[in-house]
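**Student:** Sequence and predicted structure, then a few things I'm wondering about:
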Protein chains: 2
Amino acid sequence: MTPAVAGGAPARTTPPLNRAQVLAAGVALADREGLAAVSMRHLSAELGVVPMALYKHVADKHDLVAGMIDLVVAGYAVPPPGLEWREGVRRHVLAARDALLEHPWLRPAIEAATQRTPAVLAHMDTVAGAFAAGGLSYDLVHHGMHALGHRIWGFSPEAFSNPPAPGTLPLPAPSAAEQHAMMAAVAQQYPHIAAIAIDTATRHPLGACDDQFEFEFTLDLLLEAVARLHVTGWSSR
Amino acid sequence: MTPAVAGGAPARTTPPLNRAQVLAAGVALADREGLAAVSMRHLSAELGVVPMALYKHVADKHDLVAGMIDLVVAGYAVPPPGLEWREGVRRHVLAARDALLEHPWLRPAIEAATQRTPAVLAHMDTVAGAFAAGGLSYDLVHHGMHALGHRIWGFSPEAFSNPPAPGTLPLPAPSAAEQHAMMAAVAQQYPHIAAIAIDTATRHPLGACDDQFEFEFTLDLLLEAVARLHVTGWSSR
DNA sequence: CCGAAATGGTGTACGGCGTACACCTTGGCC
DNA sequence: GGCCAAGGTGTACGCCGTACACCATTTCGG
């Protein structure tokens, strides 16, 4: 009742939430249980609060995940200054990839996102700046950025299947004979895919594709191709 | 009552549905109203049937959209045989792009998909075959396919914003003065993006990016880079 | 110091979603 | 004629996002 000091009314049992805490909790929840688990109800429970309380801090669900994306993208590591431009761009992209590997939900979230948020724009600007530091024309920077595409965010657009994804296909493992029969059938119908699989198996006996290698392979392919255009004075018109 | 001929009982007022009809109706609905409008309830209503009836033809929602994807991908145009390999791959990818432009929902659907279905595998096999027709090693074919990534399906991974998307931002258009102020602020914070925008504006006075040009630019960049690796005998090990 | 406003958490309710489950009708076949 | 599978129905459940009215606490200008 009396104003200050202490010992009076319960004041406020817990300090009020704020947007940053909500977003951080969202990121933590997505890291732990996946993007699908980030519902307003689930997240609010996590914060010991009723679902509608979140709407005091985020406009709606889209704003929530946009904020989560922003939070992670703002944390992308920044390479040291003064690098040769190709190395600079390369480091930026690989730094983004590092963050992305820590937050597997980020990729689908970015793909589904419809708006560009501040940190996201800032990252794009930074990468464009890394190109421009090499003296490339903004025309070439522009097209080079398009060529990198989502690689700017740290992931490739994979046409080949992702790993089965946790929670999918709890089928009993097929027997060895069944596996053999299936592979034979696949080889019949998809001979080139089979040939690739065989080639890969002989080259890397233990596992499937090396994602990191594929990523850097294409990244360097693109950077080299852009560099070649640069030295030959390419222009889009 | 009596068996055959005609004129007896109403028989069946409508012939029974089948999977193909359900998938086709799903594609048509997605074309018309977008992927979000394809719910079991909505689609079933479209077919004059109760929601649960669809489950007699489709295992679940995922199976439905997988089937829809399969249906469209199976319809990708096939270039004439006998082309030089780069041109063959190029045509396959551009044919995929054509189909994709007719079905804007396909891109998010593919991105969200978790399983590879038969037509999808067949398309991958076909493209791999187009590479292999040029005598490229399967090692290089493999990495070339990874480099193409989702371009195989006809779309690039665009880091730059998609068009605002129908049904978004019904804000009143900002006044000219407001627009000017906003652009100035953006130019302050994102100087390189601003520089790109200015360069593009001077180069193509009328519109934003030419998506088709960007797509083919990167496609050709990659094909040329792969071709260069091919002639120099590249290998991943 | 008081009262008003702003801030932030609550409770209820609605319409939509995917789908499990039990049921019923119809058609074809022995 | 009787059976069975195929295909359509009806009901119900538990999720989802969020509109809206309400209440508690803090903050702040007069």
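**Tutor:** All right, it came through fine.

**Student:** need the helices for chain A, in chain order.
**Tutor:** A:19-33, A:40-46, A:61-74, A:85-102, A:106-112, A:118-132, A:138-148, A:176-189, A:191-203, A:211-231 (DSSP state H).

**Student:** Name all residues that make contact with the residue nearest to residue A:106 when sequence neighbours are not counted.
**Tutor:** Nearest in space to residue A:106, with sequence neighbours left out and distances taken as CB to CB, 6 or more residues apart in numbering or on different chains, is residue A:100 at 5.3 Å. Where you see a C-beta, it was placed from the backbone N, CA and C, and this is true even at glycine. The contact partners of residue A:100, taken as CB atoms under 8 Å, 6 or more residues apart in numbering or on different chains, are A:106, A:107, A:153, A:154, A:155.

**Student:** before we move on, what about residue A:37?
**Tutor:** Taking CB under 8 Å, 6+ apart, we find residue A:37 in contact with A:29, A:30.

**Student:** repeat that for 7 Å
**Tutor:** Listed by CB atoms under 7 Å, 6 or more residues apart in numbering or on different chains, the contact partners of residue A:37 are residue A:29.

**Student:** do the same with residue A:77
**Tutor:** Listed by CB under 7 Å, 6+ apart, the contact set of residue A:77 reads A:95, A:98.

**Student:** From residue A:92, how far off is it?
**Tutor:** Here the criterion is CB to CB, to the nearest Å. By it, residue A:77 lies 9 Å from residue A:92.

**Student:** Out of the helices of chain A, the one nearest residue B:48 is which?
**Tutor:** For these, the distance to residue B:48 is smallest for helix A:106-112, at 32.1 Å, taking CB to CB.

**Student:** roughly how far is that closest one from the heart of the chain?
**Tutor:** Mean-position distance between helix A:106-112 and its chain equals 7 Å (CA atoms, centre = their mean, to the nearest Å).

**Student:** ok, stretch A:113-131 near DNA strand D or not?
**Tutor:** No. Stretch A:113-131 lies out of reach of DNA strand D by CB under 7 Å from any atom of the strand, never closer than 12.9 Å.

**Student:** Show me what from chain A comes close to DNA strand C.
**Tutor:** Residues of chain A found near DNA strand C (CB under 7 Å from any atom of the strand) are A:16, A:17, A:18, A:49, A:50, A:51, A:52, A:53, A:56, A:57.

**Student:** again, only this time at 6 Å
**Tutor:** A:16, A:17, A:49, A:50, A:52, A:53, A:56 (CB under 6 Å from any atom of the strand).

**Student:** Any regions of chain A where pLDDT drops low?
**Tutor:** Chain A contains residues with pLDDT under 70 at A:1-11, A:161-175, A:178.

**Student:** how about the residues of it near DNA strand D?
**Tutor:** Within chain A, the positions near DNA strand D by CB under 6 Å from any atom of the strand are A:10, A:11, A:12, A:39, A:40, A:41, A:42, A:51, A:52, A:60, A:61.

**Student:** Filter the residues you listed down to the buried ones and hand me the ChimeraX line.
**Tutor:** Per 16 or more other CB atoms under 10 Å in any protein chain shown, the buried members of the residues of chain A next to DNA strand D correspond to this ChimeraX selection:
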select /A:40
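
**Student:** Name the nearest of the residues of chain A next to DNA strand D relative to residue B:182.
**Tutor:** For those, the nearest to residue B:182 is residue A:60 (23.1 Å; CB to CB).

**Student:** if I look at the closest one, how far off is residue A:54?
**Tutor:** Distance check for residue A:60 against residue A:54: by CB to CB, it reads 10 Å.

**Student:** One more: residue A:73?
**Tutor:** Distance of residue A:73 to residue A:54, computed by CB to CB: 21 Å.

**Student:** thinking again about what came up before, which among the residues of chain A next to DNA strand C end up buried?
**Tutor:** With burial judged by 16+ other CB under 10 Å, the buried subset of these is residue A:17.

**Student:** and the residues of chain A next to DNA strand C, which two are the farthest apart?
**Tutor:** Using CB to CB, those span at most 14.7 Å, a distance reached by A:16 and A:52.

**Student:** Kindly format the C-alpha coordinates of stretch A:138-152 as PDB.
**Tutor:** Extracted in PDB, the C-alpha atoms of stretch A:138-152 (Å, rounded to 0.1, in the frame of the first residue of the first chain):
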ATOM      1  CA  TYR A 138      26.700  -3.400 -58.900                       C
ATOM      2  CA  ASP A 139      25.300  -5.000 -62.000                       C
ATOM      3  CA  LEU A 140      27.500  -8.000 -61.400                       C
ATOM      4  CA  VAL A 141      27.000  -7.900 -57.700                       C
ATOM      5  CA  HIS A 142      23.200  -8.000 -58.200                       C
ATOM      6  CA  HIS A 143      23.400 -11.000 -60.500                       C
ATOM      7  CA  GLY A 144      26.000 -12.700 -58.300                       C
ATOM      8  CA  MET A 145      23.700 -12.400 -55.400                       C
ATOM      9  CA  HIS A 146      20.800 -13.900 -57.400                       C
ATOM     10  CA  ALA A 147      23.100 -16.800 -58.300                       C
ATOM     11  CA  LEU A 148      24.000 -17.500 -54.700                       C
ATOM     12  CA  GLY A 149      20.200 -17.500 -54.000                       C
ATOM     13  CA  HIS A 150      19.400 -19.100 -50.700                       C
ATOM     14  CA  ARG A 151      23.000 -20.000 -50.200                       C
ATOM     15  CA  ILE A 152      23.200 -16.500 -48.700                       C
END
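
**Student:** close to chain B, is that stretch?
**Tutor:** Yes. Contact of stretch A:138-152 with chain B (CB under 7 Å from any CB of the partner chain) involves A:138, A:139, A:141, A:142, A:143, A:145, A:146, A:147, A:148, A:149, A:150, A:152.

**Student:** Then stretch A:121-137?
**Tutor:** Yes. Residues of stretch A:121-137 contacting chain B under CB under 7 Å from any CB: A:121, A:122, A:124, A:125, A:128, A:129, A:132.

**Student:** between those, which is nearest residue A:205?
**Tutor:** Nearest to residue A:205 among those is residue A:124, at 40.4 Å by CB to CB.
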